[in-house]
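Q: Sequence and predicted structure are below.
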Amino acid sequence: MERHIQAPINKEEAAALRAGDYVYISGTIYTARDAAHKRMYETLAQGGALPLEMENNVIYYMGPSPAREGRPIGSAGPTTASRMDKYAPDLLDLGLIGMIGKGKRSQAVKEAIVRNGAVYFAAVGGAGALLSKSITKSEVIAYDDLGTEAIRKLEVKDFPVIVVIDSEGTDLYETVTAE
């Protein structure tokens, strides 16, 4: 099924999504990769506050290339999601509702997705230039010293993703393999 949703995403909207759905996201999402996740994890361990609210937000596992003149961002393809699996359950428990990346997730992440009514989306790897056309604004909001791995706030319009793991735990990678 094809769906158009607005981010941030509430629990009811996340619950309506099913593995295999084609989704176009508009609104605000955030980027964070390995180094940013590690820093957020360390901040939480020390009792500190995160640089963004997790509740109902979506994190895109992406580090962009430099923007061309007149564009808000360069190529913006997804990175392998499993590299964030150590950190994702804690962020999901804090209210993170969606993650965008590529590749399979661990059992612990799947359990946290179900426990929190969240969703995991895949963006098409290798299509970073095309994906960047759906990004209308990009602003670094935290960890500027991390360069391309800084946390960015993105404004997106019809950003194309596929639901890979839905809030009930159905995993598209597993169902397609079984078929």
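A: Nice, thanks for sending it over. No experiment lies behind these values; they were computed from the predicted model shown.
Q: Span of stretch 30-39 from start to end?
A: Taking C-alpha to C-alpha, to the nearest Å as the measure, stretch 30-39 stretches 15 Å from start to finish.
Q: Run through the residues that contact residue 100.
A: Residue 100 is in contact with 29, 58-62, 78, 120-123, 161, counting by C-beta atoms under 8 Å, 6 or more residues apart in numbering. To be clear about C-beta, it is placed using only N, CA and C from the backbone, and glycine gets the same treatment.
Q: run the last query once more with 6 Å
A: With contacts defined as C-beta atoms under 6 Å, 6 or more residues apart in numbering, residue 100 is in contact with 60, 121, 123, 161.
Q: remind me which residues of the protein are low pLDDT?
A: By pLDDT under 70, the low-scoring segments of the chain are 177-179.
Q: all helices for it, in order.
A: Taking DSSP state H as the criterion, the chain contains helices spanning 11-16, 34-45, 88-93, 107-116, 128-132, 172-178.
Q: out of those helices, deepest packed?
A: Here the criterion is mean neighbour count by mean count of other C-beta atoms under 10 Å, and of the helices of the chain the winner is helix 88-93, at a mean of 20.
Q: Output the contacting helices and strands for it.
A: With contacts defined as 3 or more C-beta pairs under 6 Å, 6 or more residues apart in numbering; DSSP states H and E, the secondary structure elements packing on helix 88-93 are helix 107-116.
Q: related to what we said a few turns ago, what about the contacts of residue 100, which one has the most neighbours?
A: residue 60 (28 neighbours; other C-beta atoms under 10 Å).
Q: For that one, which non-adjacent residue is spatially closest?
A: With sequence-adjacent residues excluded and distances taken as C-beta to C-beta, 6 or more residues apart in numbering, residue 60 is closest to residue 100, at 4.3 Å.
Q: Same question for residue 40.
A: residue 50 is the one closest to residue 40 (C-beta to C-beta, 6+ apart), at 5.5 Å.
Q: what are the phi and psi values for that neighbour?
A: Summarising the backbone geometry of residue 50 under the convention degrees, to the nearest 10, its torsions are phi -80, psi 160.
Q: Number of residues surrounding the closest residue in space to residue 103 that isn't next to it in sequence?
A: Among residues not flanking residue 103 along the chain, residue 80 sits closest, at 4.8 Å (C-beta to C-beta, 6+ apart). Residue 80 sits with 15 neighbouring residues when counted by other C-beta under 10 Å.
Q: wait, isn't residue 80 in contact with residue 104?
A: No - between residue 80 and residue 104 no contact is recorded; they are 9.2 Å apart, counting by C-beta atoms under 6 Å.
Q: residues of the longest strand along the chain that come out buried?
A: When the chain is scanned for its longest strand (criterion: DSSP state E), the result is strand 151-165. Within strand 151-165, the residues that qualify as buried are 151-156, 159-165, counting by 16 or more other C-beta atoms under 10 Å.
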